[in-house]
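K.L.:
okay, here's the prediction I keep looking at, along with the sequence it came from:
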Amino acid sequence: MTTSNKSPRLSIHNTRASMGNLAARLVNDEITHLVKSKGRARIMMACAPSQDDYFEALVPLARQQPEIWKKVTVFHMDDYVGLSADQPQSFRFYLRSHFLDHVEVAEFHPLGADAASPEEEARRYGEMLTAEPIDIISMGIGENGHIAFNDPPVADFNDSQAVKVVEMDAVCRQQQVNDGCFPNIDAVPRHALSVTLPVFASAGLLCCIAPTERKAAAVRDTLTAPVGTECPATLLRTHPRSTLLVDEPAASLLSPEVRKAFSCSCQH
């Protein structure tokens, strides 16, 4: 396979399992390197059904080296305003059930989306998040091209806040229904707490996992649209260490030229 110097490095897989396995190996190897070289690591993790295959592969890898992962501090990047941590739709619930209940880490810092003042919680979490660099972010892309809950109407590449309260757009809210997390759009909260784009831009490594045909247009735009808020995921093209892992359905709108331009062997 041709290896490209472009960002993001693109890795297309025949199955979601293969995609998740490679994403897990990339993150686990980077974590291992960081902990062995500087004694600890800080990672932010996305929470959504698109990340299921990645977490399924990462848990056994992490459990093979518990002394490494006990030196890792975990953050998450967004959650619905008003939902408590024990509600199944909550992203804190997702991260615990898919990863933290199975792997011991140094610390997990939950984003308190049910705090009395979401604005104050955004300020508090932002200060904690930016106190030191984030080494790795494992993330997805929304159907509208968002990363975290930075939908096009609220995304800002130069945001002055690290975390903010946002109103989700209709495409984003419908995606939550399409993912099977809510029965209908009226049940989806209208507001969320979200880490902002500059946090992604300053992270040491971005590992983006975006499967299924429903992500095909967003994946195409990530690689071909002008870099900007119309498709916030175009931020991946500005980051020197970003990798985009997709399955064939998600890559279905990519031309042969685009595949060749971004594809990489992703061996390390």
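P.N.:
Looks like it arrived, so ask away. Residues are numbered from 1 along each chain as shown.

K.L.:
tell me which residues in stretch 186-202 are buried?
P.N.:
Within stretch 186-202, the residues that count as buried by 16 or more other Cβ atoms under 10 Å are 188-189, 192-200. Placement of C-beta: from N, CA and C, glycine included.

K.L.:
mind checking how far that stretch is from the chain centre?
P.N.:
Its chain's C-alpha centre and that of stretch 186-202 lie 11 Å apart, by Cα atoms, centre = their mean, to the nearest Å.

K.L.:
give me the distance between the two termini of that stretch.
P.N.:
Counting by Cα to Cα, to the nearest Å, you get 35 Å between the two ends of stretch 186-202.

K.L.:
that older thread, can I get the buried residues of stretch 186-202 in CSV with distance to residue 257 and pLDDT?
P.N.:
Output for the buried residues of stretch 186-202, formatted as CSV (distance: Cβ to Cβ, whole Å; pLDDT from 0 to 100):
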residue, distance to residue 257, pLDDT
188, 37, 92
189, 40, 92
192, 36, 96
193, 39, 97
194, 34, 97
195, 33, 98
196, 33, 98
197, 28, 98
198, 31, 98
199, 32, 98
200, 27, 98
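
K.L.:
max pairwise distance over those residues: which two?
P.N.:
Farthest apart among the buried residues of stretch 186-202 by Cβ to Cβ are 188 and 198. That separation is 26.4 Å.

K.L.:
where does the stretch 151-268 of the chain dip in pLDDT?
P.N.:
Filtered on pLDDT under 70, the stretch 151-268 of the chain yields the residue ranges 265-268.

K.L.:
hey, where'd the helices end up in it?
P.N.:
Here the stretch 151-268 of the chain has its helices, by DSSP state H, counting those that start in this stretch, at 170-178, 197-202, 216-224, 256-262.

K.L.:
what sits up against the shortest one?
P.N.:
Okay, so that is helix 197-202. 44, 77, 129-130, 133-134, 137, 139, 147-148, 150, 155-159, 162-163, 206, 232, 235, 238-239 (Cβ atoms under 8 Å, 6 or more residues apart in numbering).
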